[in-house]
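Chemist: 3D model of this:
(one chain, ligands or ions: 3)
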Amino acid sequence: MSTATTSAKEHIVIFDTTLRDGEQCPGASMTFEEKLQVATVLDEMGVDVIEAGFPIASEGDFESVREIARTLKRSVVCGLARANPNDIDRAGEAIRPAARGRIHTFIGTSPLHRQYQLQLDQEQVYERAVASVKRARNFTDDVEWSPMDATRTEHDYLCRIVEAAIDAGATTINIPDTVGYATPEEYYELIRMLIERVPNADKAIFSTHCHDDLGLAVANSLAGVRAGARQIECTINGLGERAGNAALEEVVLAIRTRGDILPYETGVDTTHLMRASKLVSTVTSFPVQYNKAIVGRNAFAHESGIHQDGVLKNAQTYEIMTPESVGVSKNALVMGKHSGRHAFREKLKDLGFNLGENALEDAFKRFKDLADRKKDVYDEDIEALVGDEILTSQDRIRLVSLSVVAGTSGPQTAAITLDIDGVEHEAEGEGNGPVDAVFNVIKALVPHDATLELYQVHAVTGGTDAQAEVSVRLRTASGETTGRGADPDTLVASARAYLSALNRLRARGARTHAHATTP
Ligand SMILES: CC(=O)SCCNC(=O)CCNC(=O)[C@H](O)C(C)(C)COP(=O)(O)OP(=O)(O)OC[C@H]1O[C@@H](n2cnc3c(N)ncnc32)[C@H](O)[C@@H]1OP(=O)(O)O
Ligand SMILES: CC(C)C(=O)C(=O)O
Ligand SMILES: [Mg+2]
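Modeler: Ligands and ions are numbered 1, 2, ... in the order given. Alright, predicted model coming up:
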């Protein structure tokens, strides 16, 4: 295994944009409370800068940036703004309560963006960039500026506008590969060229912001650092617009593991990574692919005999990082119906969850119930169950009971009782199949304008008593929302998933009218 040999390592600023670029990913929107939870984990983990949102985008975005700014004590809290006065003033207002606040302002600089999106010429974009940085400096002396689509911008113009942004007061210059078009060599050359040619380049930190359209986001970010960039913009699980951004866990572990050729360090405590990954996956309902680097469930699993043999003799034969270094414990506590709260709490800690007392108690009850019904309770079962608990802890619409009549002689019928804002409501109905019946009855109890775009079931573990994990995606005029539910009964899991999506719609203020048909 390679280890770092030099102690004089340069610090790389880790700028997390899970709550801004990550949230731009269709269906990944998070509620106010979920954003606060994610920001708290990022802060505890040692992320230097957290881009908490785009305050002009909505009242909700403004409020969550302001609350995160108010709450966090360690990380710099950043708000995004276009190159116009209203955006900048709104971002400035949102970050005002922060111990350390940053405004990140951007404008498209490539010919395509200038001509088609902005309908501005080079000089007009130049003036907007300078004016926006100057205005942002009225709120904070920590101003980041980005030439959007930098990798498709003419080099001479890019140098000129970057120089002007630094003169106007930008302290970080971020070079976005907005459409994930660059290759590592090109991105290296671009950052090198800027640092060498821009006369005042030494007055700012250069930053990478790479998208993964060609699967090169992490490689490009590391190439940027080798060329002189000292900030990496990234997201947990690589979440983000289209194919996503550079994955935080990958860039941080690459720097740590390959210290022999990457003589840098980050302030990230990597043992929090698994916990952060699970939280983001849970609140966005975006599963992490099994073979995902660092945080996928197979990232440290060995099934083939030769690998198992090697790992048993010396783990380094087939492992370049230890599972413990990313927060995966090898301590195998076997959980079952005889386990108590101490073991359950310990297991959750091992799995990377940190629940408050009430959520822990609710999760423990559900765990006991599951252990009564299921012979073996695996870590995946507990993860699904706790993920469900985290998602639903703030819910105002809850499932009280569900019974379904299904079989060969339809129509299938469902009878459901929901707790809506503390009052129980019940209804019955039918459908073309049991899931349809369940969803029809829920819609009767909680009328809404959303359409169901996706319904997906997967078994959390093997066996016919496995828990079902159901994901649904709802579309409204204002966007998409996902929901997830887990239970050994597929119909209960389906109802939970649908209700979880409806609760998120409600939290976002979309048009759902929870009411009773039969109080
Ligand atoms: C690469 C990126 O990730 S950029 C960030 C993208 N993120 C988002 O867009 C998410 C949040 N966005 C939103 O909520 C909305 O788009 C808002 C509130 C920002 C703007 O909404 P609207 O005023 O309805 O404008 P809309 O989104 O339709 O169009 C964008 C407008 O911003 C302009 N614009 C885009 N980027 C910039 C910029 N950096 N500086 C100034 N103007 C810009 C566009 O030219 C267009 O202007 P036009 O209306 O004069 O043609
Ligand atoms: C706002 C900018 C930095 C962005 O997200 C991009 O260009 O990808
Ligand atoms: Mg981006």
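
Chemist: which residues are in contact with the nearest residue to residue 275 once chain neighbours are set aside?
Modeler: Counting by Cβ to Cβ, 6 or more residues apart in numbering, residue 275 lies nearest to residue 352, which is 3.3 Å off, once chain neighbours are set aside. The C-beta positions use only the backbone N, C-alpha and C, and glycine is treated the same way. Residue 352 makes contacts with 272, 274-278, 327-328, as judged by Cβ atoms under 8 Å, 6 or more residues apart in numbering.

Chemist: for residue 352, give its distance to ligand 2.
Modeler: 28 Å (Cβ to the nearest ligand atom, to the nearest Å).

Chemist: one more: residue 387?
Modeler: As judged by Cβ to the nearest ligand atom, residue 387 and ligand 2 stand 28 Å apart.

Chemist: that residue and residue 278 touch, don't they?
Modeler: Yes: applying Cβ atoms under 8 Å, one finds residue 387 in contact with residue 278, separated by 7.1 Å.

Chemist: quick one: strands adjacent to the helix or strand hosting residue 401?
Modeler: Assigned by DSSP states H and E, residue 401 belongs to strand 397-405. Within its sheet, strand 397-405 is paired with strand 412-420 (antiparallel), according to DSSP bridges.

Chemist: which parts of the strand it pairs with are buried?
Modeler: Across strand 412-420, burial judged by 16 or more other Cβ atoms under 10 Å covers 412-418, 420.

Chemist: what does stretch 178-185 give?
Modeler: In stretch 178-185, counting by 16+ other Cβ under 10 Å, buried: 178-182, 184.

Chemist: what's the closest of those residues to ligand 1?
Modeler: Each of the buried residues of stretch 178-185 was scored against ligand 1 by Cβ to the nearest ligand atom, and residue 178 proved nearest at 5.1 Å.

Chemist: for the closest one, give me its contacts.
Modeler: Here residue 178 is in contact with 148-151, 209, 211 (Cβ under 8 Å, 6+ apart).

Chemist: list, one by one, the residues from this protein near ligand 1.
Modeler: Residues of the chain lying close to ligand 1 by Cβ under 6 Å from any ligand atom are 21, 24, 54, 56-57, 82-84, 106-107, 117-118, 148, 178, 241.

Chemist: now the residue in the stretch 401-519 of the chain positioned nearest to ligand 2, which residues is it bridged with?
Modeler: Closest contact between the stretch 401-519 of the chain and ligand 2, by Cβ to the nearest ligand atom, is at residue 479 (17.8 Å). Beta-bridge partners for residue 479, by DSSP bridges, are residue 476.

Chemist: that one: how many residues sit nearby?
Modeler: 13 (other Cβ atoms under 10 Å).

Chemist: you'd agree it is up against residue 29?
Modeler: Yes: between residue 479 and residue 29 there is a contact at 6.6 Å, judged by Cβ under 8 Å.

Chemist: for the stretch 251-400 of the chain, which spans come out with low pLDDT?
Modeler: The stretch 251-400 of the chain contains residues with pLDDT under 70 at 329-333.

Chemist: ok and the residue in it nearest ligand 2?
Modeler: Counting by Cβ to the nearest ligand atom, the stretch 251-400 of the chain gets nearest ligand 2 through residue 251, at 15.9 Å.

Chemist: just flag the most distant two among the buried residues of strand 412-420.
Modeler: 412 and 420 (24.0 Å; Cβ to Cβ).

Chemist: tell me where the stretch 301-450 of the chain has helices.
Modeler: Using DSSP state H, counting those that start in this stretch, the helices of the stretch 301-450 of the chain run over residues 305-313, 341-351, 357-373, 379-392, 434-445.

Chemist: redo those helices as a markdown table? Include mean neighbour count.
Modeler: Below are the helices of the stretch 301-450 of the chain laid out as a markdown table (neighbours: other Cβ atoms under 10 Å):
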| stretch | mean neighbour count |
| --- | --- |
| helix 305-313 | 12 |
| helix 341-351 | 16 |
| helix 357-373 | 16 |
| helix 379-392 | 22 |
| helix 434-445 | 21 |
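
Chemist: that's a helix at residue 259, yeah?
Modeler: No: the assignment for residue 259, made by DSSP: H, G, I helix; E, B strand; the rest coil, is coil rather than a helix.

Chemist: how far away is it from residue 271?
Modeler: 17 Å (Cβ to Cβ, to the nearest Å).

Chemist: ok so, going back, the buried residues of strand 412-420 also near ligand 2: which ones?
Modeler: Within the buried residues of strand 412-420, nothing lies near ligand 2 by Cβ under 6 Å from any ligand atom.

Chemist: can you classify residue 44 as helix, strand or coil?
Modeler: Residue 44 ends up helix, using three-state DSSP.

Chemist: residues touching it, list them.
Modeler: 269, 272.

Chemist: got a pLDDT number for it?
Modeler: Here, the pLDDT recorded for residue 44 equals 96.

Chemist: give me the neighbour count for the residue nearest to residue 295 when sequence neighbours are not counted.
Modeler: Closest residue to residue 295 apart from its sequence neighbours, by Cβ to Cβ, 6+ apart: residue 277 at 3.9 Å. Close neighbours of residue 277, defined as other Cβ under 10 Å, add up to 25.

Chemist: so which helix or strand takes in residue 277?
Modeler: Counting by DSSP H and E, residue 277 is found in helix 273-284.

Chemist: over to the residue lying closest to residue 434 once chain neighbours are set aside: give its phi and psi.
Modeler: Leaving aside its sequence neighbours, residue 434 sits nearest to residue 406 (Cβ to Cβ, 6+ apart; 4.1 Å). Main-chain dihedrals, residue 406, degrees, to the nearest 10: phi -130, psi 170.

Chemist: measure residue 406 to residue 435 for me?
Modeler: 9 Å.

Chemist: same question for residue 493.
Modeler: In terms of Cβ to Cβ, residue 493 sits 10 Å off from residue 435.

Chemist: now swap in residue 218 and tell me
Modeler: Distance, residue 218 to residue 435, using Cβ to Cβ: 39 Å.

Chemist: with residue 203 instead?
Modeler: 60 Å.

Chemist: with residue 291 instead?
Modeler: From residue 291 to residue 435 the distance is 30 Å (Cβ to Cβ).

Chemist: so who does the residue nearest to residue 295 touch?
Modeler: By Cβ under 8 Å, 6+ apart, the residues touching residue 277 are 236-237, 249, 288, 294-295, 352.

Chemist: can you rerun that using 6 Å?
Modeler: 236-237, 295 (Cβ atoms under 6 Å, 6 or more residues apart in numbering).

Chemist: out of the residues you listed, who has the most neighbours?
Modeler: Of these, with other Cβ under 10 Å as the count, residue 237 tops at 31 neighbours.

Chemist: need the CA coordinates for stretch 234-244. CSV is fine.
Modeler: Provided in CSV are the C-alpha atoms of stretch 234-244 (Å, rounded to 0.1, in the frame of the first residue of the first chain):
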residue,chain,number,x,y,z
CYS,A,234,-17.5,18.1,-5.2
THR,A,235,-20.6,16.3,-3.8
ILE,A,236,-21.4,13.3,-1.7
ASN,A,237,-22.0,10.2,-3.8
GLY,A,238,-21.1,12.4,-6.9
LEU,A,239,-24.7,13.7,-6.9
GLY,A,240,-25.4,16.6,-9.3
GLU,A,241,-26.7,18.0,-12.5
ARG,A,242,-27.1,15.3,-15.2
ALA,A,243,-24.3,12.6,-14.6
GLY,A,244,-23.3,14.5,-11.4
